[in-house]
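[1] Sequence and predicted structure are below.
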Amino acid sequence: GGASMGVDLAMRSFRGSGGVCVFEEPSYYLSFNMARDQGLECRSVPMYQDGMDLDRLEEICMEGNVRMVYTIPVHHNPTGYTMGNAKRQRLVEL
């Protein structure tokens, strides 16, 4: 569908960068394949009822080379969770 095509196009912009894409775990199953197809290293962070583990995300970001963070903040697939506003703000600040 259209959303998958949009994600694939976004990931293509990092093709060959050798960078890292960070995902929520669990996440939409096709997202990992799309990132790997573009040569991105896939890393994951745990998912909680209020969204992704931002402390772990920050640790990964400090290691460097993060090119993309793949998150589904509203009605997360497959969990159905929604990230709270405070957590969204912190994510933007990272």
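    Nice, I can see it.
[2] For the most centrally placed residue in the chain, name its beta-bridge partners.
    Centroid-nearest residue in the chain, with Cα atoms, centre = their mean: Tyr70, separated by 1.9 Å. Tyr70 has the following beta-bridge partners by DSSP bridges: Phe23.
[3] quick one, what contacts it?
    The neighbourhood of Tyr70, defined by Cβ atoms under 8 Å, 6 or more residues apart in numbering, consists of Val7, Cys21, Val22, Phe23, Glu24, Ser27, Ser31, Ala35. Just so you know, the C-beta spots here come from the backbone N, C-alpha and C atoms, and that holds for glycine as well.
[4] Can you report how many residues neighbour the first one?
    Val7 sits with 17 neighbouring residues when counted by other Cβ atoms under 10 Å.
[5] give the contact list for the nearest residue to Gly18 once chain neighbours are set aside.
    Closest residue to Gly18 apart from its sequence neighbours, by Cβ to Cβ, 6 or more residues apart in numbering: Gly39 at 6.6 Å. Residues counted as contacts of Gly39 (Cβ under 8 Å, 6+ apart) are Arg15, Gly16, Ser17, Gly18.
[6] And the pLDDT for Gly39?
    Per-residue confidence at Gly39 stands at 91 (pLDDT).
[7] what about it, which SS state?
    Using DSSP: H, G, I helix; E, B strand; the rest coil, the structure places Gly39 in coil.
[8] which phi and psi does it have?
    With angles defined as degrees, to the nearest 10, Gly39 sits at phi 80, psi 10.
[9] how near is it to Met47?
    Distance, Gly39 to Met47, using Cβ to Cβ, to the nearest Å: 25 Å.
[10] for this structure, which spans come out with low pLDDT?
    Scanning the chain with the threshold set as pLDDT under 70 gives 1.
[11] which residues in it form strands?
    For the chain, applying DSSP state E gives strands covering 20-25, 41-48, 51-52, 66-70.
[12] which neighbours does the longest one have in its sheet, and in what orientation?
    Translated: strand 41-48. Partners of strand 41-48, by DSSP bridges, with direction: strand 20-25 (parallel), strand 51-52 (antiparallel).
[13] tell me how far the last one is from the chain's mean position?
    Relative to the chain's own centre, strand 51-52 is displaced by 10 Å; criterion: Cα atoms, centre = their mean, to the nearest Å.
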